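Chemist: Return a 3D structure for these sequence lines:
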Amino acid sequence: MGVGLRAPHYRQFLEQRPRVDWLEVHSENFLEQSGYSWHVLQQLRRDYPFSLHGVGMGLGSVRGFSDAHLERVAALVARVEPMLVSEHLCWGAVHDRHLNDLLPLALNDEMLALLCERVQRVQERLGRQILLENVSTHVRFHADSMTEAAFMAVLAQRTGCALLV
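Modeler: Numbering: from 1, shown residues only. Got it, this is the predicted structure:
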């Protein structure tokens, strides 16, 4: 069983080393590769496998995602050597303004083509398969032409990514 490692857990994990199979951390919390959180990660990765889970790449953003962000994630992956790398399948910015939310995608052929290209680009840059997590969706878009299950299945089949649902 894996556990999401957050700052309130640091002391317990450093002092007691609880029995868990692996730890998940948010990639964006470690992109600077410095500070106390980075120190904790370095200590704990000696005893636990890690998974990096991203929340900020914005793969579904119509304007594109940040090459700089991808490079920082790639540097983190190279340094931490996680067992898994995952990212939310969403968008979250408009006109370079981050909305601080994980927003759902239109489920259609146009978005599927856009995501296939981006997911392949990310996997090539990272040199590994990534997992994509769907975000909660409370609305359907008029532009939707397929179900979420069909959309995710085709995306995984075309790109070779895995799914975290």
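Chemist: residue contacts, residue 91?
Modeler: Remark: with contacts taken as CB atoms under 8 Å, 6 or more residues apart in numbering, residue 91 is in contact with 58, 59, 60, 61, 62, 103, 105. Every residue, glycine included, has its C-beta placed from N, CA and C.
Chemist: Just the buried residues of those.
Modeler: Neighbour counting over the contacts of residue 91 (16 or more other CB atoms under 10 Å) leaves 58, 59, 60, 61, 103, 105 as the buried ones.
Chemist: and residue 108, what does it touch?
Modeler: With CB under 8 Å, 6+ apart as the criterion, the residues that contact residue 108 are 143, 144, 145, 146.
Chemist: Tell me the spacing between it and residue 58.
Modeler: Residue 108 sits 18 Å away from residue 58 when distances are taken as CB to CB, to the nearest Å.
Chemist: where do the helices sit along the protein?
Modeler: Secondary structure of the chain by DSSP state H: the helices cover 10-16, 35-44, 67-80, 109-126, 148-159.
Chemist: for those, which one sits closest to residue 23?
Modeler: helix 35-44 (6.5 Å; CB to CB).
Chemist: Quick one: list the elements packing against that closest one.
Modeler: helix 10-16 (3 or more CB pairs under 8 Å, 6 or more residues apart in numbering; DSSP states H and E).
Chemist: May I see the buried residues of the helix it packs on?
Modeler: Buried residues in helix 10-16, counting neighbours by 16+ other CB under 10 Å, are found at 10, 13.
Chemist: Tell me how far that helix lies from the chain's centre.
Modeler: Distance, stretch centre to chain centre, for helix 10-16: 25 Å (CA atoms, centre = their mean, to the nearest Å).
Chemist: That concludes my questions; thank you for your assistance.
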